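following is a predicted model, sequence given first.
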Amino acid sequence: MVKYIIKRILMLIPVIFGITLFIYVIMSLAPGDPATLILGPDATYEEILAKREELGLNDPILVRYFKYMAGVLHGDFGISWYNEYDVMGEFLNRIPNTLLLGLLSNAIVILVGIPLGIIAAVKQNGVIDYCTLVLAMLFSSMPAFWFGLMAQIFFCLNLGWFPATGAESLKHFILPAVTLASASLAGQVRLTRTSMLEVNKLDYVRTARAKGCSESRIVIRHVLRNGLLPVVTSIGAHIATIVGGAIVTESVFAIPGVASLMINAVKIRDVPVVMGVIVVISVFVGVVNLLVDLLYAVIDPRVKLGS
Amino acid sequence: MEKHLLEIKNLHVQYNTDEAVVHAVNGLSLTLDKGEALGIVGETGAGKSTTALSILKLLPDKVGEITEGSIVYDGIDIIKANNHTMREIRGAKITMIFQDPMSSLNPIMTIGEQIHEVLELHFPKMSAAEKDQKVDEILGLVGIQKTRKNEYPHQFSGGMKQRIGIAMALVAEPELLLADEPTTALDVTIQAQILQLMQELQKKYNTAMILITHDLGVVAEFCEKVAVVYAGEVIEQGTVEEVFTREKNHPYTTGLFNSIPDLTSDVERLIPIPGFMSDPTNLPEGCKFAERCPHCTERCRKEAPKLYEDGGHSIRCFLYETKGGQ
């Protein structure tokens, strides 16, 4: 087990090098000169040349990349080309907002999605089942930005229950978390339902019935644990996409999080900021995937790690 | 009349599917006494498993439906019994061994837990130590080392899994064991071991058994009574001696005997029964075997024969027509 975990963590290293190299090359090859963008239209040719030299843009891409990665390995993520702030410092300032948003939205997906899915499966073709089907279609076909705007109009403007923007208190995070959860929540309910119904048809559930188990015992002891395997995978995937998925939500609700930091940096080609966020996200996704795999082995004894 | 342990009368079961209504069991009657072993023989789709599932009321929800007849177990009307009564019967009084041991065990519970669960459900007052001891004991009886009880089903072979299935079915010392083709999914060499094990334990606990199979040889060896089922009804029943002496048999039973390879005679080919079983969504009016029967007459196509009894041996065929009949 420990050996497997170490192996998986070591495997992250080439993955992170691959991802960062890819992004670095794309950022560098994109048309337009960062030095010109930074200094604005009034800058003289000499000033631009000096800036290029200062940013190290005259070196070949690979040399720049390895210089950058050498810094990263020493814990130096560089400073922003524009505002000259420390990338890691800014990232650490903003990550709590994104994590809180992600955790809340995942909590909604898990705590609402799974129980609703179970109820929908147990009462198959009942009222709740059909309601979840309709809601699932509705939510998954609504774009997050539109859902967020509608929620702001209704709950903030009309009812005044929640603040529309900002990240000062937990209350500020409720609507964004619901927005971020909405599409996944609907999918989660249907996935849980389908998976439960699938397991419910299997022979060993019939065996459990033949033993004299009550329906609730069958659901809890026999169907649920088996049925949750695909659900765990999908939740893992959802957690991994927190940052990507939060871009729209953070913009709509003006939350100063990592996703908005990155999207702004991409727009102005602020390479150190983009790279810093990418490195941390890659590690995060890798670790989440590892945790999902470990959880899998805990739930299902047939899964043998490392072999 | 003596009281039977299990009495099935005129059982009709149908499956209501989207396409059609499948008449799986059509007026099947059986009786079984304490400690007795009854073999139910018939080909695939004859309604054998459906009958077994009906006894436990485990027919697929919303699809399977008992439309007529009665099943009385030890004075309890199974068809009218509520869920609570059924839960107390299942696993304790009537237990079942399923056809496919590979898929009949929960993959994420240890085998010990799965056997233990039966005791948890039916002997709530039993102490934990006593339950553990019972699990160890039954594992020993089915030939699995008790040290392996914390292992998961995937760590066992098919034959071992079926032994675990048997342990689960017998740990509560039931009065009636339903074995639905318990060896069909297993290797031939394992089949005999499993059947022998079942027989030993059946005798040990004096459990009545219904052994569902399509193998006449198995019935001859392990059962006292036999019922041959065709298209959802019993077409011949009697003691193993009566049926296997082959003095009087239903033409279908004769056909089954003829399709068994005989080691003593030198025949190149087996003699199969021609044709296929009647479509259960569209059953014929007269004798259901008429289409395939070498003795078929005009009357067989129009009129359904009754079971004609001679001593304990009854046959559903006009060839053996007597006064009365059931």
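Good, I have the coordinates. None of the values given here were measured: they were computed from a predicted structure.

look at residue 115 and report its pLDDT.
Let's take chain A. Residue A:115 is assigned a predicted lDDT (pLDDT) of 91.

oops, wrong one, chain B.
Reported pLDDT for residue B:115: 94.

what residues does chain A put near chain B?
A:202-204, A:206-214, A:217, A:221-222, A:225-226, A:299-302 (C-beta under 8 Å from any C-beta of the partner chain). Every C-beta, even on glycine, is put in place using the N, C-alpha and C of the backbone.

the same query, at a cut-off of 6 Å, please.
A:203, A:204, A:207, A:209, A:210, A:211, A:212, A:222, A:225, A:300, A:301, A:302 (C-beta under 6 Å from any C-beta of the partner chain).

wait, what's in contact with the closest residue to chain A within chain B?
Closest contact between chain B and chain A, by C-beta to the nearest C-beta, is at residue B:91 (3.5 Å). By C-beta atoms under 6 Å, 6 or more residues apart in numbering or on different chains, residue B:91 lies in contact with A:211, A:212, B:118.

ok, for the second one, nearest residue in space, not its chain neighbours?
Yep, that's residue A:212 we're talking about. Of all residues not flanking residue A:212 in the chain, residue B:91 sits nearest, at 3.5 Å (C-beta to C-beta, 6 or more residues apart in numbering or on different chains).

got the phi/psi numbers for the one you found?
phi 90, psi -20 (degrees, to the nearest 10).

follow-up on the earlier one: so which of the contacts of residue B:91 sits lowest on pLDDT?
Ranking the contacts of residue B:91 by pLDDT, residue A:212 lands last with 90.

surely that one touches residue B:121?
Yes: counting by C-beta atoms under 6 Å, residue B:121 is a contact partner of residue A:212 at 4.9 Å.

where does pLDDT dip in chain B?
For chain B, residues meeting the criterion pLDDT under 70 lie at B:1-2, B:323-326.

mind listing the strands for it?
Ranges of strands in chain B, per DSSP state E, are B:6-16, B:21-32, B:37-41, B:64-73, B:76-77, B:94-97, B:176-180, B:208-213, B:225-230, B:233-239, B:308-310, B:313-315.

distance of residue A:235 from residue A:108?
With distances taken as C-beta to C-beta, to the nearest Å, residue A:235 is found 12 Å from residue A:108.

got it, and residue B:251?
68 Å.

okay, the two: which has more neighbours?
residue B:251 (22 against 19; other C-beta atoms under 10 Å in any protein chain shown).

helices or strands next to the helix of greatest length in chain B in the packing?
In chain B, with assignment by DSSP state H, the single longest helix is helix B:188-205. Packing partners of helix B:188-205 (3 or more C-beta pairs under 6 Å, 6 or more residues apart in numbering or on different chains; DSSP states H and E): helix B:158-170.

quick one: the helix it packs on near chain A?
No: using C-beta under 6 Å from any C-beta, helix B:158-170 stays clear of chain A, coming no nearer than 6.9 Å.

list the buried residues for that helix?
For helix B:158-170, a neighbour-count test (16 or more other C-beta atoms under 10 Å in any protein chain shown) marks B:159, B:160, B:161, B:162, B:163, B:164, B:165, B:166, B:167, B:168, B:169, B:170 as buried.

how about stretch A:12-28?
A:12, A:16, A:19, A:20, A:23, A:24, A:27, A:28.

from residue A:5, how far off is the first one?
Plainly put, residue A:12 is 11 Å away from residue A:5 if you go by C-beta to C-beta.

and the stretch 151-300 of chain B, which residues reach chain A?
Counting by C-beta under 6 Å from any C-beta, the stretch 151-300 of chain B sits next to chain A at B:152, B:154.

one step back: between the buried residues of helix B:158-170, which is closest to residue B:111?
For those, the residue nearest residue B:111 by C-beta to C-beta is residue B:164; the value is 5.0 Å.
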